[in-house]
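**Student:** Okay, predicted coordinates and the sequence, questions at the end:
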Amino acid sequence: MKWETVIGLEVHAQLNTRSKIFSGASTAFGAAPNTQACAVDIALPGTLPVMNRAAVEKAIRFGLSVGGRVARRSIFARKNYFYPDLPKGYQISQYELPVVEGGTVTIVVGETEKTVRLTRAHLEEDAGKSLHEDFHGETGIDLNRAGTPLLEIVSEPEMRSSAEAVAYAKAIHGLVRWIDICDGNMQEGSFRCDANVSVRPLGSETLGTRCEIKNLNSFRFLERAIDFEVRRQIEVNEDGGKVVQETRLYDPDRDETRPMRSKEDAHDYRYFPDPDLLPLEISEPWMAEVQAALPELPQVRRERYASAYGLTPYDAAVLTASREIADYFEAAAEGASGAVAKTLANWIAGPLSAQLNDAGAEIGESRVSARQLRRLVERINDGTISNKIAREVFDAVWTGEAQGDDAADKVIESRGLKQISDSGALEKIADDVIAANAQQVADYRGGKDKAFNSLVGQVMKATKGKANPQQVTEILKRRLG
C-alpha cells in the first residue's frame with residue numbers, strides 16, 4: 001500500500017517585547033534562575049494580569065503580513081493543566097476567539113511554489129522551564145520564562161513531506177524576523193515548532209491518527225523527526241497495528257521519536273474565559289497605524305525580483321530568506337541588468353553564504369560589501385575574469401587585501417589575473433596542446449568526450465587558469481573539426 005503524509009505545524013514565536021505579556025517583569029534571556037519572575041508570574045494570591053499593548057501590536061503585524069483576519073474583538077481563556085513549571089495551574093491563552101484567523105504563507109521547495117493556509121494565530125503566555133540535567137535525579141524549576149509573550153501560529157494540515165514542513169517553518173521564521181516581532185533565536189527557545197504528523201492511504205480523504213512531536217528547535221531536527229515518525233506510523237499500520245494519538249519527543253542522539261504522554265484534546269483542558277481580563281479590542285485607527293508601519297513584505301519582494309530581474313522562484317526565495325539578505329542583494333543589484341542580478345544571486349547563495357557560515361557570521365557582518373560583490377560580478381560577466389579566478393579575487397577581498405568599492409579591480413590588477421581573451425595567443429597555445437596530446441586527440445575524434453575536457457584542462461593549465469574557458473572550447477572544437 002502507498003501512503004500519503006499529512007503534516008500541520010504549530011509554531012511558537014516568542015514576541016520580542018521588553019516585558020512579559022501580563023506583567024512588567026523583564027523578558028531578557030540569560031538571567032540567573034528565578035530572578036525575572038514577579039508576583040504575577042509566580043501567581044501569588046491577589047495578583048492580576050495586565051495586557052501588554054506591544055504584544056498585541058506585534059500580533060496585528062503578523063496578521064496583516066499573512067493576509068489574515070485580525071479580530072476587532074478577541075478574548076483570553078484559561079487552559080487548565082498541571083505541571084510544576086506552571087505556577088497558576090493554568091495557562092492564559094486564546095481559544096474560541098483568537099486575535100488572528102486565516103491567512104496564507106507561500107513556500108518554495110526546489111522550483112515549486114505552494115501556498116499553505118493558516119488556521120489561526122493567537123496570543124498566550126509561556127510556561128516556566130523544568131531543568132533536569134544538573135540536579136542528579138531531581139528537577140529544578142526556573143520561572144524566568146513564565147509569562148513571556150508567545151504568538152502561536154497554527155497551520156492547516158496541508159504539508160505532504162518533511163521538506164515542505166521545513167520550507168514552511170523557514171518561511172515563518174523569516175517572516176517574524178522580517179517584520180521584527182521575534183528574534184528567531186532557536187537555540188534560546190525564541191522559535192519552537194510542534195509537528196502534527198499522520199499518514200493515510202494514498203487517495204484517501206480521511207485523516208489518519210496524528211501524533212504531535214513537541215518542541216523541535218532546529219530545522220534539521222524538524223526534518224529528521226518527521227521522517228522518522230512517518231516511517232514509524234507506516235510500519236505500525238502495515239504490521240496490522242493502530243497508531244495511538246499521543247505526544248512524542250524527538251531524541252536527536254538516537255534519531256527517533258518516543259512517547260511522552262497521551263495526546264490531549266481541547267476539552268481535556270477545560271477552557272473557559274479568563275475572568276481577570278477584559279476582551280481585547282483593536283480599533284480601526286490602530287490597525288491603520290500598524291499597517292502603515294509595515295515594511296515591504298517578502299512575497300512582494302520575491303515577485304518584484306522575478307519581474308525586474310527574471311529570477312526563478314528558488315533564487316527569489318533564497319534572497320528573501322531574511323530582510324538582511326534581501327537588503328544586501330538590493331544594494332548590490334541596484335540598476336543592474338538581469339544577467340548581473342542572476343550572477344549576484346548565485347554568488348550570494350553560494351560562495352558568500354559558504355564564507356559567512358565558515359566565519360559564523362551574519363550577512364550584515366560580511367567582509368565583502370554589496371558594492372564590492374557587484375564589481376566582482378561585473379568583471380565575471382564582462383569576461384575580465386573567469387568564475388574560477390573570481391573565487392581567488394573574492395577570497396582576497398574578504399581578507400582585506402584591497403579596500404573600496406573597486407577592491408576586485410585592484411586585486412585583479414595587482415595579481416595579474418585578467419583573463420586572456422586574445423584569440424591569436426589562445427590559438428597558438430591550443431595548437432601546442434593538440435600537438436603534445438595526440439592520443440587524447442585521437443580518443444576525442446573516436447567519440448570519447450572526456451578526452452576533450454582533458455584538452456581544455458591542458459590549455460587552462462598552460463595559461464595558469466587565465467584563459468577564457470568559452471573561447472578555449474570554441475577554438476579547440478574548431479581546430480579538432
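**Tutor:** Received the coordinates, thanks.
**Student:** got the contact list for the residue nearest to the spatial centre of the chain?
**Tutor:** Taking Cα atoms, centre = their mean, the centroid of the chain lies closest to K170, which sits 3.0 Å from it. Applying Cβ atoms under 8 Å, 6 or more residues apart in numbering, we find K170 in contact with 219, 321. (C-beta placed from N, C-alpha, C; glycine too.)
**Student:** for the chain, longest strand please?
**Tutor:** Identified as the longest strand of the chain according to DSSP state E is strand 112-125.
**Student:** on that earlier part again, secondary structure of the residue nearest to the centre of the chain: a helix, I assume?
**Tutor:** Yes - applying DSSP: H, G, I helix; E, B strand; the rest coil, one finds K170 inside a helix.
**Student:** quick one on the thing from earlier: neighbouring strands - and their directions - for the longest strand of the chain?
**Tutor:** Using DSSP bridges, the neighbouring strands of strand 112-125 in the sheet come out as strand 100-101 (antiparallel), strand 104-109 (antiparallel), strand 149-155 (antiparallel).
**Student:** and of those strands, who's closest to T47?
**Tutor:** strand 149-155 (17.3 Å; Cβ to Cβ).
**Student:** about what we covered before: what packs against the next helix or strand after the longest strand of the chain?
**Tutor:** Using DSSP states H and E, the helix or strand that directly follows strand 112-125 along the chain is strand 129-131. Packed against strand 129-131 by the contact rule (3 or more Cβ pairs under 8 Å, 6 or more residues apart in numbering; DSSP states H and E) you find strand 140-142.
**Student:** returning to what we had before: check the offset of the longest strand of the chain from the chain's centre.
**Tutor:** Between the mean C-alpha location of strand 112-125 and the chain-wide mean there is a distance of 15 Å, by Cα atoms, centre = their mean, to the nearest Å.
**Student:** Pull out the buried residues from it.
**Tutor:** Of the residues in strand 112-125, 116, 118-125 count as buried by neighbour count, 16 or more other Cβ atoms under 10 Å.
**Student:** now stretch 27-39
**Tutor:** The neighbour-count check on stretch 27-39 (16+ other Cβ under 10 Å) flags 27, 29, 36-38 as buried.
**Student:** Low-confidence regions, the chain specifically.
**Tutor:** 263, 421-422 (pLDDT under 70).
**Student:** From the recorded domain assignment, give the ranges for it.
**Tutor:** According to automatic domain parsing, the chain comprises the domains 3-289, 296-415, 423-480.
**Student:** starting at the chain centroid, how far to the longest one?
**Tutor:** Spelled out, it's domain 3-289. 17 Å.
**Student:** Could you identify the most distant pair in the buried residues of strand 112-125?
**Tutor:** Of all pairs drawn from the buried residues of strand 112-125, the greatest distance, 26.6 Å, lies between V116 and E125 (Cβ to Cβ).
**Student:** burial of G46, as a residue count?
**Tutor:** As a burial measure, G46 scores 5 neighbours (other Cβ atoms under 10 Å).
**Student:** same question, S19
**Tutor:** In terms of burial, S19 registers 19 neighbours under the definition other Cβ under 10 Å.
**Student:** just D265 next, same as before
**Tutor:** By the criterion of other Cβ under 10 Å, D265 has 7 neighbours.
**Student:** thinking again about what came up before, distance of the residue nearest to the centre of the chain from L344?
**Tutor:** 22 Å (Cβ to Cβ, to the nearest Å).
**Student:** quick one: contacts for V243?
**Tutor:** 198-199, 208-209, 211, 233, 236-237.
**Student:** Enumerate every residue touching the spatially closest residue to P87 that is not a sequence neighbour.
**Tutor:** Leaving aside its chain neighbours, P87 sits nearest to A43 (4.1 Å; criterion: Cβ to Cβ, 6 or more residues apart in numbering). Contact criterion Cβ under 8 Å, 6+ apart gives 87-89 as the residues in contact with A43.
**Student:** wait, which of the residues you listed is closest to S414?
**Tutor:** P87 (65.9 Å).
**Student:** Just say helix, strand or coil for that closest one.
**Tutor:** Once three-state DSSP is applied, P87 turns out coil.
**Student:** ditto for E4
**Tutor:** In the three-state summary, E4 is assigned as strand, counting by three-state DSSP.
**Student:** quick revisit: now which of the contacts of V243 would you call buried?
**Tutor:** For these, burial is judged from neighbour counts taken by 16+ other Cβ under 10 Å, and it is met by 198-199, 208-209, 211, 233, 237.
**Student:** Next, check the residues you listed against the strands and list the overlap.
**Tutor:** Among the buried ones among the contacts of V243, the members that lie in strands (by DSSP E) are 198-199, 211.
**Student:** Export those to TSV and append columns for distance to I434.
**Tutor:** Output for these, formatted as TSV (distance: Cβ to Cβ, whole Å):
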residue	distance to I434
S198	64
V199	60
C211	66
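**Student:** between the residues you listed, which is closest to N453?
**Tutor:** Closest to N453 out of these is V199 (46.3 Å), distances taken as Cβ to Cβ.
**Student:** Spit out the contact partners of that closest one.
**Tutor:** Contact partners of V199, counting by Cβ under 8 Å, 6+ apart, are 3-6, 208, 230, 233-234, 237, 243.
**Student:** any idea how far E223 is from it?
**Tutor:** As judged by Cβ to Cβ, V199 and E223 stand 16 Å apart.
**Student:** What of A349?
**Tutor:** Per Cβ to Cβ, A349 is found 20 Å from E223.
**Student:** How about E133?
**Tutor:** E133 sits 25 Å away from E223, going by Cβ to Cβ.
**Student:** So which of the two has more stuff around it?
**Tutor:** Higher neighbour count among E133 and E223: E223, with 18 against 6, using other Cβ under 10 Å.
**Student:** Now do the same contact list for the more buried one.
**Tutor:** Taking Cβ under 8 Å, 6+ apart as the definition of contact, the neighbours of E223 are 162-163, 165-166.
**Student:** number of nearby residues for A59?
**Tutor:** Burial measure for A59: 28 neighbouring residues, criterion other Cβ under 10 Å.
**Student:** Please verify my assumption that it contacts L150.
**Tutor:** No - checked against Cβ atoms under 8 Å, the pair A59 and L150 is beyond contact range at 10.1 Å.
**Student:** anything in contact with each of those two?
**Tutor:** Counting by Cβ under 8 Å, 6+ apart, the shared contacts of A59 and L150 are 15, 123.
**Student:** Out of the ones in strands among the buried ones among the contacts of V243, the closest to V66 would be?
**Tutor:** Distances from V66 to those, taken as Cβ to Cβ, are shortest for S198 (24.4 Å).
**Student:** Thought V236 was touching the closest one, still the case?
**Tutor:** No - assessed by Cβ under 8 Å, S198 is found out of contact with V236, at 11.4 Å.
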